[in-house]
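S.K.: model the following, please.
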Amino acid sequence: MAMTSTAAVPAPSAPETGRHSGVVFSDDREWAGHLVPFVRTGFERGEQVQYFAATTDPDRVRGALASAGVDAARAEAEGRLVVTTAERTYLSGPRFDPDAMMGLWHQAMDTALAEGHRGLRAIGEMAWGAQDVAGADRLLEYELRLHHEVFAPLPLTAWCFYDRRRVPAHLLALLAGAHLHHGGQPVEHPVLRLEPLPGRTGLKLSGSAGYDTRHAVRTAAAVVAGSPGGDVELDLSGLRHLDVASLFMLVEAARRRRDGRLRLLHAPAPLRRLLGLFPELGTPVEIAER
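M.R.: Numbering: from 1, shown residues only. The predicted structure is shown next:
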């Protein structure tokens, strides 16, 4: 992110609607307009604030805060502000690993609380997900699993920053749609939209699951296979089409679960007929009637 001057007062950020939000912007002023209120709110609440830069020079983050009257240098010295990079967080290993990141969030929270902070809030720049990074294909899986595995048990607030200048429109639509809450600019819905289920382990699938959406279906299958705990649910109420290959992917993912079954909510009649034609597919799958 090639930043220009941020000395002007940033535009007001959208109201904070959720603890895990996807924030989309397209210029430096919008970036600063989301950054500054987020950081100020964290300081007011006694939370530690962390910023994970990917394409932004960390000094630009500090400079934007200082230009808006936030004493970033003092906050860093006191441990209230941490400005680091994706290479030290998301990409610290040989490849991006969602499983490892779940543990790192719990560790970061434990550290923040042990140091006397009331909670933790973070901003992560996600443009690296559009680059040739090992494991980047698991970024959508990571965003979807965060809700149940991290945000449900922890007093964490995190905004994922998506820069339109850095992330292709088709990928932006998928990644931004993986959040329950959204800020900044709206994005158009993808052909197949995946959303986390509030308060439950699972996803809502909306749109069409077929040949053109194999990447999204593979991600849904990864969430089904990798989510810990008991049953995982797929809400199919918004699904217009699900081809046989996509169904097979999801069923095979359910077979790989160590514990629990795949529960299909609002399963359409064609899918029920498919499971009737191939009863062997139904072993790890339950058609829920609610």
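
S.K.: from the contact counts, what lies against the helix or strand hosting D110?
M.R.: Element membership for D110 (DSSP states H and E) is helix 98-114. Applying 3 or more C-beta pairs under 8 Å, 6 or more residues apart in numbering; DSSP states H and E, we find helix 98-114 packed against strand 120-125, helix 139-146. Using the backbone N, CA and C atoms, a C-beta is placed for each residue, glycine as well.

S.K.: one more time with 10 Å, if that's ok
M.R.: If you count contacts as 3 or more C-beta pairs under 10 Å, 6 or more residues apart in numbering; DSSP states H and E, helix 98-114 packs onto strand 48-53, strand 120-125, helix 139-146, strand 156-163, helix 214-226.

S.K.: tabulate the ones you listed (a markdown table), appending distance to E87 and mean neighbour count.
M.R.: Below are the helices and strands packed on helix 98-114 laid out as a markdown table (distance: least, C-beta to C-beta, whole Å; neighbours: other C-beta atoms under 10 Å):
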| stretch | distance to E87 | mean neighbour count |
| --- | --- | --- |
| strand 48-53 | 9 | 24 |
| strand 120-125 | 12 | 22 |
| helix 139-146 | 16 | 24 |
| strand 156-163 | 16 | 24 |
| helix 214-226 | 24 | 21 |
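
S.K.: redo the ones you listed as TSV? Include distance to W105 and mean pLDDT.
M.R.: Converted to TSV, those look like this (distance: least, C-beta to C-beta, whole Å; pLDDT from 0 to 100):
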stretch	distance to W105	mean pLDDT
strand 48-53	11	98
strand 120-125	9	97
helix 139-146	8	91
strand 156-163	7	96
helix 214-226	16	92
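
S.K.: to L113, which of these lies closest?
M.R.: Closest approach to L113 among those (C-beta to C-beta): strand 120-125, 8.0 Å.

S.K.: packing partners of that closest one?
M.R.: helix 28-44, strand 48-53, strand 81-85, helix 98-114, strand 156-163.

S.K.: R261 is nearest to which of these?
M.R.: With C-beta to C-beta as the criterion, R261 lies closest to helix 98-114 of these, at 21.4 Å.

S.K.: what angle sits between that closest one and helix 139-146?
M.R.: Here helix 98-114 runs at an angle of 50 degrees relative to helix 139-146 (axes from the mean of the first three to the mean of the last three C-alpha atoms, to 10 degrees).

S.K.: could you list the buried residues of helix 98-114?
M.R.: Using 16 or more other C-beta atoms under 10 Å as the burial criterion, the residues of helix 98-114 that qualify are P98, M101, M102, W105, A108, M109, A112.
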